[in-house]
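Enquirer: Attaching a predicted model along with its sequence, questions to come.
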Amino acid sequence: MKLPLTVDLKSPLPIYAQLERAIRQAVVAGILKLGDQLPTVRQLAVDLSINANTVAKVYASLERDGLLETRRGVGTFIVRIQPAPSRRDRLKRLEEFVAKTLSEAQREGFTLEELIEYFKSIQRR
């Protein structure tokens, strides 16, 4: 199964954390459903151009959390659906996103005013 998962190699967030978040979000969004089989560790690593050990680490973590189950010789499956994140969790994620965006923009030499004007211009489209 080819999943619409991505990782940003330039992000300060570790790749394993990005991938774990992406899989969890795919479950919450309904892209991955109860019983769906995930790609093999090797296949997902190739698809994302990342190390297979990173994918294995994420699968193991999600399995410990009860979201995934690996059946030897068969594959890895979604075994539990998580509810949508709470408002508090969403605000925390938004805070992290904004902090990361502002930090990266500052590193690139953009001002807050430039960011705001750009966001407004996109919204007007």
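Expert: It's in.

Enquirer: which SSE is the residue with the largest distance to the centre of the chain in?
Expert: Computed with Cα atoms, centre = their mean, the residue of the chain farthest from its C-alpha average is residue 113, at 28.6 Å. Using DSSP states H and E, the element containing residue 113 is helix 112-124.

Enquirer: Does anything pack onto that helix? Which helices or strands?
Expert: helix 87-108 (3 or more Cβ pairs under 8 Å, 6 or more residues apart in numbering; DSSP states H and E). Every residue, glycine included, has its C-beta placed from N, CA and C.

Enquirer: what sits against the most centrally placed residue in the chain?
Expert: Per Cα atoms, centre = their mean, the C-alpha nearest to the average position across the chain is that of residue 22, at 2.1 Å. Counting by Cβ atoms under 8 Å, 6 or more residues apart in numbering, residue 22 touches 5, 6, 7.
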